[in-house]
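Participant: Next one to model:
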Amino acid sequence: REFSELSLHAANYVCERIYLDIHDDVLALVGSSQWEQGDMIVGIAVATLEDYFQDIKTWVPYDYFFPKILKKCMDLLMQAYLNAFFTNTMELGLPNLDRALDILQSDWELLWNFFCMTNKKYHGRAGFYKKEYICDRLQIIQVVISLLKPDAEPNHIHYELLSIIKVFGVDTGAAAMLHILGLKRRRISSSRAQEWHELVALAEEHAEMQCVGCEPWYQIPDIRHSRFIKRMRPKRKSSNDMVDTSKTKKLVRRALLNRIVTSSRKMLRKDRKLIATWKLNDNDEPWKNQTQE
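Facilitator: Residues are numbered from 1 along each chain as shown. Now for the predicted structure:
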């Protein structure tokens, strides 16, 4: 038993050592200008993992320990990828949105091919994820792509919003959604920005009711103060708009009052005798008054 526990610690150490090799010089650049210019950041990371894994398979019993190393490396890689994307886009944004969309799609394909196809024989073995769960974990990149697309419609993207909350938690997920949308703010009208705000609030409320996002998968930096979130805030209404709004409210109230008065008059015509009893004093007896009439 002690040997088995020591072996697991050794496997975790190997994963962390691999992670250090590809983090600072590779994965930390996701979302940066170098990444946007076309440097194969994820391609380099995947190639590095393949080189390491070839050596590991010759030294480690891969039927038991290698799937655990594979799982740990995938978790560390996805954590680093998402953390770097939000960290760098908070500072730099995405100047070339169309180019960024292509790179995100390419990154997803590289990761999907590596974890779902190249290493498919380890799915569900010795602690490694099943294919469905791997796809679920990688889906967050597709969700980001869907939100960044210029033609994304608020009414057709409710699933994506809940997915982000599931991955990052309720508070951080809601902020991450607004940040992603803020990256393409110049392509969103003010009225559409208001719709997105309302939809994000609705998704956040729904997630809290359904306990979605109670156990976040990944941690990202505090994104609530992102300047791109501020871009998504609805503009304050002018004083003229406020006057018009108050006038509208008065008209609505007046219409409702007229409807109540009209219905009351009809009631009075139908039930004169009954309504007449409302004028009795507290000490009077209604049935005596009805008899006298």
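Participant: For the stretch 101-250 of the chain, which residues score under the pLDDT cut-off?
Facilitator: 213, 234-250 (pLDDT under 70).
Participant: how many other residues sit next to R186?
Facilitator: Look at R186: counted by other CB atoms under 10 Å, it has 9 neighbours. The C-beta positions use only the backbone N, C-alpha and C, and glycine is treated the same way.
Participant: and K57, what does it touch?
Facilitator: By CB atoms under 8 Å, 6 or more residues apart in numbering, K57 lies in contact with F66.
Participant: Name the helix or strand for it, please.
Facilitator: Assessed by DSSP states H and E, K57 sits inside helix 41-59.
Participant: next SSE after that helix?
Facilitator: Next helix or strand after helix 41-59 toward the C-terminus (DSSP H and E): helix 65-92.
Participant: Which strands and helices lie in contact with that following helix?
Facilitator: helix 2-23, helix 41-59, helix 97-112, helix 131-148, helix 170-182, helix 227-231 (3 or more CB pairs under 8 Å, 6 or more residues apart in numbering; DSSP states H and E).
Participant: If you count neighbours, what's buried in that helix?
Facilitator: Under the neighbour-count criterion of 16 or more other CB atoms under 10 Å, helix 65-92 has 65-90 buried.
Participant: Tell me which of the helices and strands packed on helix 65-92 sits most buried.
Facilitator: Counting by mean count of other CB atoms under 10 Å, helix 170-182 has the highest mean neighbour count of the helices and strands packed on helix 65-92, with a mean of 23.
Participant: where's that one relative to the chain centroid, distance-wise?
Facilitator: Relative to the chain's own centre, helix 170-182 is displaced by 6 Å; criterion: CA atoms, centre = their mean, to the nearest Å.
Participant: Need the residues that contact that helix.
Facilitator: Residues from elsewhere that reach helix 170-182, judged by CB under 8 Å, 6+ apart: 86, 89-90, 144, 147-148, 161, 164-168, 188, 193, 196-197, 200-201, 203-204, 207-208, 212-213, 216, 220, 222-224, 226-232.
Participant: CA atoms of the helix or strand that contains L162 as PDB?
Facilitator: Here L162, judged by DSSP H and E, is contained in helix 158-168. Extracted C-alpha coordinates of helix 158-168, given in PDB (Å, rounded to 0.1, in the frame of the first residue of the first chain):
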ATOM      1  CA  HIS A 158     -28.800  29.900 -23.300                       C
ATOM      2  CA  TYR A 159     -27.000  26.500 -23.100                       C
ATOM      3  CA  GLU A 160     -23.700  28.200 -23.600                       C
ATOM      4  CA  LEU A 161     -24.300  30.600 -20.700                       C
ATOM      5  CA  LEU A 162     -25.100  27.800 -18.300                       C
ATOM      6  CA  SER A 163     -22.100  25.800 -19.500                       C
ATOM      7  CA  ILE A 164     -19.800  28.700 -18.500                       C
ATOM      8  CA  ILE A 165     -21.400  28.900 -15.100                       C
ATOM      9  CA  LYS A 166     -20.900  25.100 -14.700                       C
ATOM     10  CA  VAL A 167     -17.300  25.400 -15.500                       C
ATOM     11  CA  PHE A 168     -16.300  28.500 -13.500                       C
END
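Participant: G182 - nearest residue in space that isn't next to it in sequence?
Facilitator: The shortest distance from G182 to any residue other than its chain neighbours is 3.1 Å, reached at F228 (CB to CB, 6 or more residues apart in numbering).
Participant: I'd say that neighbour and M90 touch.
Facilitator: Yes - the criterion here is CB atoms under 8 Å, and F228 meets it with M90 at 7.3 Å.
Participant: Now for M78: which residues touch it?
Facilitator: Going by CB under 8 Å, 6+ apart, M78 touches 111, 137-138, 140, 218.
Participant: brain fart, T58
Facilitator: Shown here is T58, which makes no contacts under the criterion CB under 8 Å, 6+ apart.
Participant: What separation do you get for it and Y52?
Facilitator: Distance, T58 to Y52, using CB to CB, to the nearest Å: 11 Å.
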